[in-house]
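S.K.: Take this sequence and fold it.
(chains A and B)
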Protein chains: 2
Amino acid sequence: MKIGILGAGQLGRMLALAGYPLDLDFVFLDPATGACAAPLGEHIHADYVDEHALTELCVSVDIATYEFENVPAKTAEFVAARIPLLPPPNALDVAQDRLSEKTMFDRLGIPVPRFMPVATREALEIAVRNVGLPAVLKTRRMGYDGKGQAVLRTPEDLDRAWAAIGGQPLILEAFVPFERELSCLAVRGKDGELRFYPVVENVHRDGILRTSTPKLDDPLQAQAEDYARRICEQLGYVGVLAFEFFVADGQLLANEIAPRVHNSGHWTIEGAECSQFENHLRAVAGLPLGSTALRGPSVMVNFIGDVPPNAELAAIPGVHIHHYGKSPKPLRKVGHATVTAADDDALQTRLAALQALVAQVNAGA
Amino acid sequence: MKIGILGAGQLGRMLALAGYPLDLDFVFLDPATGACAAPLGEHIHADYVDEHALTELCVSVDIATYEFENVPAKTAEFVAARIPLLPPPNALDVAQDRLSEKTMFDRLGIPVPRFMPVATREALEIAVRNVGLPAVLKTRRMGYDGKGQAVLRTPEDLDRAWAAIGGQPLILEAFVPFERELSCLAVRGKDGELRFYPVVENVHRDGILRTSTPKLDDPLQAQAEDYARRICEQLGYVGVLAFEFFVADGQLLANEIAPRVHNSGHWTIEGAECSQFENHLRAVAGLPLGSTALRGPSVMVNFIGDVPPNAELAAIPGVHIHHYGKSPKPLRKVGHATVTAADDDALQTRLAALQALVAQVNAGA
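M.R.: Below is the predicted model:
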């Protein structure tokens, strides 16, 4: 079976690495030169709205999926009219617009921070009165890794925030003084079977994910699964879906969903029985899902900007290296490592050694 | 770093899958059309003795290795004169000739079944008198998966065996009524560090490996490691080496070595901390070696001729599917699966389900 993937970044690369053993082949469509998944399949080097290129993709594969959630709606529509496109395009529609997303959470009874749409400078005043301060003003579309966001702490911050990102559809969200950030990775098969990985505790810095730790028997596991189930069933979802939450006063508050494999699930390659990448492919290819059980303690550390030297990484026991084949660049996700160990004490020792290497790279940058 | 690989079969394919996360890229040289590793790197489609193609390989990579142990000696010499070729070519020389191999075992004090070279029909008579019957007559070169072998049980078998494989350099080996077949996978780094995976119990049928089971705390582990160490140090070896043994009267008898990653080590992908493929690459790339420790119980089952349907394989918990991207053909190794489980009982239940699928495919062939 040949799978078309819209996007050829690191997620596409890891999908392909998981897919070859299942007898899948891959065709990527991505406008980037030197896209990092390109060496692992055919690469149609074209813009997402190039209908000639999209036709070429559709005729050369059996089904399509995406690894980039900002695939234009028209692209998804074009592909879905010709071949099966999974997860379904309505998931893209919802996930691409923070207002649609939050509205869906609300309608499905999933707790969400207070929010209001903001179209004009005047509407921002009204929204601040309703939502309160502190709050976060965000673009409704195209935000990722903390981009397109401005924190409002006092009324004096409104002008600066408006100057930075005003003039496009925005949403104001109450700032959540969270205790933890959790994500729940769900996978749903074509037959509707749902499986959930253990929830993941995530640490961000400068708006970028830094570490993800799967939590065995977290008290919020059942609640997170229930919310993720509502979303998946509402959307008729097929594939892996990531649902990010804040935890405040011990309760989950929905932040956002990603209708794709997700950075907070990279630990599953070594840490779970069946990785998020293999399970996404199993789902979209119509195969039975694999086990989402933990294989033991693990933690994932992102490499932002640059990767520490292989010789030093490989010297730490239990460190599994994942380069994305990208050139170094400040704030760019260029790789990650998952640390595994037989018990939590050994894991923390290994993690500390890895974090020391990461700190050296960051200090040198 | 770019790695050149002589051969582009399933071993090359699994090396590449293990190597991309380490930031390695791959160029394969293989005369086969549709070689199964080709989608995972550049493929120089040429004969092993094509000096123009070998030059192209040498100028486009940093180091070279091989996944095919019958790479011609002249090819290895040509490459090694231009770029580092690891494991060292002398390992190929020894492994390609059963007489050199057995002679080396003997010289290093490693017990080996009685053997004698056989060049002529008359020499066969003499060899049978010295070695005794039953015995196995084998070609000295190019044998694999039971090809180029004839079992001699009575003096009447000599003519038939000579007719089948006579006229080329042969070796007669005493038939070993073995209790078990074991292999020991060693990996040696550029700095001489040696690591060993737990010994593997192998089951062959019709001369082809069917299942491999890593054995924790096998009583012969230390002895197997000692013998593998002698070989690795004798050869100045770098990379993964597989050493196959017979067990008779509870003692190891050397059968053969393979100077490469090996079918009896495929379970390491899911069953060990660091797979044989990653460790081979770490070794030849000069990186510290990864842990060879078990992650839990596992067993590997080869798919010979054809692969059971993905939907049925994926429905068995703990079954990790590995297609090689080859078309079905009787007696061809077209894939394998490794079964993992939390304990031996669960492993046996899953293995039985997998073996039932394999039996169905074989019955249909």
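S.K.: tell me the domain ranges of chain A?
M.R.: A:2-85, A:114-174, A:180-364 (automatic domain parsing).
S.K.: among those domains, which gets the worst mean confidence?
M.R.: Mean pLDDT values for the domains of chain A show the minimum at domain A:114-174, a mean of 92.
S.K.: ok so, going back, format the domains of chain A as a markdown table; extra columns: mean neighbour count and distance to chain B.
M.R.: Placement of C-beta: from N, CA and C, glycine included. Formatted as a markdown table, these follow (neighbours: other CB atoms under 10 Å in any protein chain shown; distance: least, CB to the nearest CB, whole Å):
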| stretch | mean neighbour count | distance to chain B |
| --- | --- | --- |
| domain A:2-85 | 20 | 4 |
| domain A:114-174 | 16 | 22 |
| domain A:180-364 | 20 | 4 |
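S.K.: Against B:Ala53, how distant is the closest residue in space to A:Gly148 that isn't next to it in sequence?
M.R.: Nearest residue to A:Gly148, sequence neighbours excluded (CB to CB, 6 or more residues apart in numbering or on different chains): A:Thr139, at 3.7 Å. Using CB to CB, to the nearest Å, A:Thr139 is found at 53 Å from B:Ala53.
S.K.: sec struct for A:Leu252, please.
M.R.: strand (DSSP: H, G, I helix; E, B strand; the rest coil).
S.K.: Off-centre distance for stretch A:105-125?
M.R.: 22 Å (CA atoms, centre = their mean, to the nearest Å).
S.K.: Next: stretch A:318-335.
M.R.: 16 Å.
S.K.: ok, residues contacting stretch A:86-100?
M.R.: With contacts defined as CB atoms under 8 Å, 6 or more residues apart in numbering or on different chains, stretch A:86-100 is touched by A:63-66, A:69-71, A:73, A:76-77, A:80, A:101, A:104, A:115, A:117, A:138-143, A:169, A:171, A:173, A:235-239, A:241, A:256-260, A:283-284.
S.K.: what's the first-to-last distance across that stretch?
M.R.: End-to-end span of stretch A:86-100 (CA to CA, to the nearest Å): 20 Å.
S.K.: Stretch A:93-103 now?
M.R.: 13 Å.
S.K.: Show the average pLDDT along it.
M.R.: Mean predicted confidence for stretch A:93-103 is 95.
S.K.: Please, where are all the helices along the stretch 1-150 of chain A?
M.R.: For the stretch 1-150 of chain A, applying DSSP state H, counting those that start in this stretch gives helices covering A:10-19, A:51-60, A:73-80, A:89-96, A:98-107, A:121-131.
S.K.: Please export the alpha-carbon coordinates of the last one; PDB is fine.
M.R.: Coordinates of each C-alpha in helix A:121-131 appear next as PDB, following Å, rounded to 0.1, in the frame of the first residue of the first chain:
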ATOM      1  CA  ARG A 121      -9.500  46.900  18.600                       C
ATOM      2  CA  GLU A 122     -12.900  47.800  20.200                       C
ATOM      3  CA  ALA A 123     -13.800  44.100  20.500                       C
ATOM      4  CA  LEU A 124     -10.500  43.500  22.300                       C
ATOM      5  CA  GLU A 125     -11.700  46.000  25.100                       C
ATOM      6  CA  ILE A 126     -15.000  44.100  25.400                       C
ATOM      7  CA  ALA A 127     -13.300  40.800  25.400                       C
ATOM      8  CA  VAL A 128     -10.900  41.900  28.200                       C
ATOM      9  CA  ARG A 129     -13.900  43.000  30.300                       C
ATOM     10  CA  ASN A 130     -15.500  39.600  29.800                       C
ATOM     11  CA  VAL A 131     -12.500  37.300  30.000                       C
END
